[in-house]
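Student: Have a look at this prediction, sequence included:
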Amino acid sequence: MGLLDYLYGANRGAGPWKLNVGTSPLAAPAPAPQKIYTAPTVSYAPSTAPIAAPRAAATPAAWSGPSPAQQQANAAAAAQAKVDAEKAKAQKEAKDRSRKENEATKALVDQQVQLSGAFGKQRDTKLGNIEQAFKASDSNLLKGYNQALEGLRTTSKDNDKSEGDSSFENIANAVRERGEILAEIGNNGGGETDALRGQLAALRNYTANQGEVNRSFFDTLGSVNRSITSLNVDTATSRSGLWNSAEADRESAWANFYNQQADTWTQITNIENSNNNTATDSSEAYVKSQADSGKKAAEFAGSSYAKRGNDGLSAWDGKGETEQRKLNSANAAATINLGGPMKRAEGATLRKW
């Protein structure tokens, strides 16, 4: 069998060229049976039909698409458009991030500004508490002063009463003694000289007793005056101490406030300086809301509280004053008026021999 019969014949695929799968490539193919083919006899009669002209080949349609150069240009444009889109997307994302950063920075600054205001309220509360505590302490001090002063004034009044009672009793005692002396001298036959001496003795006794009364009065009066003076000094000193203590607390409150403000405005400066966003295609510029924060921080850092003087604390309503007294212990009913210079008693003239 020939190759053409193998490829196109009825028994194509058979013959010595057939590949037997699974057999060893070294095995020789089995010989195919030989067949004898007899060509058929065909008689041909001449045709009278005209021979048709051969069909013309179809003409291909004209190409209407882009040329290769145009296709290359379109591909380049598409690639550039993709790059531009990705770039625009990246710029938008970067700008959105910068906007969020600006908003976050602004939020932090606003929080610090609110904190600054809170520090001011805290300072005012402290100063109010200090002022209230000072007034309460000063009021209690003056209340105690008034009570002590009232006690001293009561002692002074009692001293006046004691002096009056003692002076009256001394006068009554002098009158009694004078009467008893005159009666004793008369009963014993004494003369005028003896009577005069007895009266003078009664007067000396009266004067001595009255001196004791006056001395006791002025001692008590002096003690009361010294107590009033000491009370005034101690009260003024205590009020000054309360004021100085309150001023120290005020200074501490203000110093704490100034330190807090300096730290707060320094933080604001650092926060805003840390945002470096500028106006570009991929960033929004950050505009500082507290451009003078550094100046404020410096001003607060250099500030301090100026203490006030305690003028006026040494004077207050109801302040006690020392008392100055004079006594008049003479009593006309107990005074002996001899009517001029003393005369010798009758019979008492001394003679020189």
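Tutor: All right, it came through fine. Numbering: from 1, shown residues only.

Student: could you pull out the helices for the stretch 101-250 of the chain?
Tutor: For the stretch 101-250 of the chain, applying DSSP state H, counting those that start in this stretch gives helices covering 192-273.

Student: cool, the stretch 251-353 of the chain as well?
Tutor: Ranges of helices in the stretch 251-353 of the chain, per DSSP H, counting those that start in this stretch, are 293-301.

Student: so where's it uncertain?
Tutor: 328-353 (pLDDT under 70).

Student: In this model residue 129 seems to touch residue 253, though I could be wrong.
Tutor: No: the pair residue 253 and residue 129 fails to qualify as a contact (C-beta atoms under 8 Å) at a distance of 9.0 Å. All C-beta atoms are positioned from the backbone trio N, CA, C, and that covers glycine.

Student: which of those two has more neighbours?
Tutor: Legend: neighbour count by other C-beta atoms under 10 Å for residue 253 and residue 129, higher for residue 253 (19 against 12).

Student: How about the more buried one: what's its closest non-neighbour residue?
Tutor: Of all residues not flanking residue 253 in the chain, residue 126 sits nearest, at 4.2 Å (C-beta to C-beta, 6 or more residues apart in numbering).

Student: Contact partners for the residue nearest to residue 198 when sequence neighbours are not counted?
Tutor: Nearest non-adjacent residue to residue 198, counting by C-beta to C-beta, 6+ apart: residue 181, 3.6 Å away. Residue 181 makes contacts with 195, 198, 199, 201, 202, as judged by C-beta atoms under 8 Å, 6 or more residues apart in numbering.

Student: let's see 7 Å
Tutor: Each residue near residue 181 by C-beta atoms under 7 Å, 6 or more residues apart in numbering is listed here: 198, 199, 202.

Student: So the residue nearest to residue 253 versus residue 256, what's the distance?
Tutor: Distance, residue 126 to residue 256, using C-beta to C-beta, to the nearest Å: 8 Å.

Student: Which residue of these two possesses the greater neighbour count?
Tutor: residue 126 (17 against 14).

Student: Show the pLDDT at the more buried one.
Tutor: pLDDT for residue 126: 96.

Student: I'd guessed it sits against residue 255; true?
Tutor: No: using C-beta atoms under 7 Å, residue 126 is not in contact with residue 255; the gap is 11.3 Å.

Student: tell me the mean pLDDT over stretch 172-185?
Tutor: 82.

Student: in it, what counts as buried?
Tutor: Buried residues in stretch 172-185, counted by 16 or more other C-beta atoms under 10 Å: 174, 177, 178, 181, 182, 185.

Student: Repeat that for stretch 111-121.
Tutor: In stretch 111-121, counting by 16+ other C-beta under 10 Å, buried: 112, 113, 116, 119.

Student: Inside strands: which ones of the residues you listed?
Tutor: For those, not one is inside strands, with DSSP state E as the criterion.

Student: And those, which is closest to residue 271?
Tutor: Distance to residue 271 across the buried residues of stretch 111-121 (C-beta to C-beta) is lowest for residue 112, with 7.0 Å.

Student: From residue 312, how far out is the closest one?
Tutor: Look at residue 112 and residue 312: by C-beta to C-beta, they are 41 Å apart.

Student: Only alpha carbons, please: show stretch 310-327 as CSV.
Tutor: Provided in CSV are the C-alpha atoms of stretch 310-327 (Å, rounded to 0.1, in the frame of the first residue of the first chain):
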residue,chain,number,x,y,z
ASN,A,310,-1.3,96.0,104.6
ASP,A,311,-2.2,99.7,105.0
GLY,A,312,-5.3,100.3,107.2
LEU,A,313,-5.0,97.1,109.2
SER,A,314,-3.7,98.9,112.2
ALA,A,315,-7.0,100.8,112.5
TRP,A,316,-10.5,99.3,112.8
ASP,A,317,-13.9,100.2,114.1
GLY,A,318,-14.2,100.0,117.9
LYS,A,319,-10.5,100.1,118.5
GLY,A,320,-9.9,100.8,122.2
GLU,A,321,-8.1,103.8,123.6
THR,A,322,-6.2,104.2,126.8
GLU,A,323,-8.0,106.2,129.6
GLN,A,324,-6.6,109.2,131.4
ARG,A,325,-8.2,109.9,134.8
LYS,A,326,-7.8,112.5,137.6
LEU,A,327,-9.2,112.0,141.1
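
Student: So which bits of stretch 96-112 are buried?
Tutor: Across stretch 96-112, burial judged by 16+ other C-beta under 10 Å covers 98, 101, 102, 105, 106, 108, 109, 112.

Student: same check, this time on stretch 272-287
Tutor: Neighbour-count burial for stretch 272-287 [16+ other C-beta under 10 Å]: 272, 275, 277, 282, 283, 284, 286.

Student: Now do the contacts for the fifth one.
Tutor: Put plainly, it is residue 283. With the criterion set at C-beta under 7 Å, 6+ apart, residue 283 makes contact with 94, 95, 98, 277.

Student: Next step: these restricted to helices.
Tutor: Residues of those located in helices (DSSP state H): 94, 95, 98.

Student: excluding its backbone neighbours, what's nearest the first one?
Tutor: In other words, residue 94. residue 282 (3.8 Å).

Student: Same check on residue 178?
Tutor: residue 202 (4.5 Å).

Student: Identify the residues contacting the closest residue to residue 91 other than its chain neighbours.
Tutor: Among residues not flanking residue 91 along the chain, residue 282 sits closest, at 4.3 Å (C-beta to C-beta, 6+ apart). Residues near residue 282 by C-beta under 7 Å, 6+ apart: 91, 94, 95.

Student: Residue 125 too?
Tutor: Contacts here follow C-beta under 7 Å, 6+ apart; on that basis residue 125 touches nothing.
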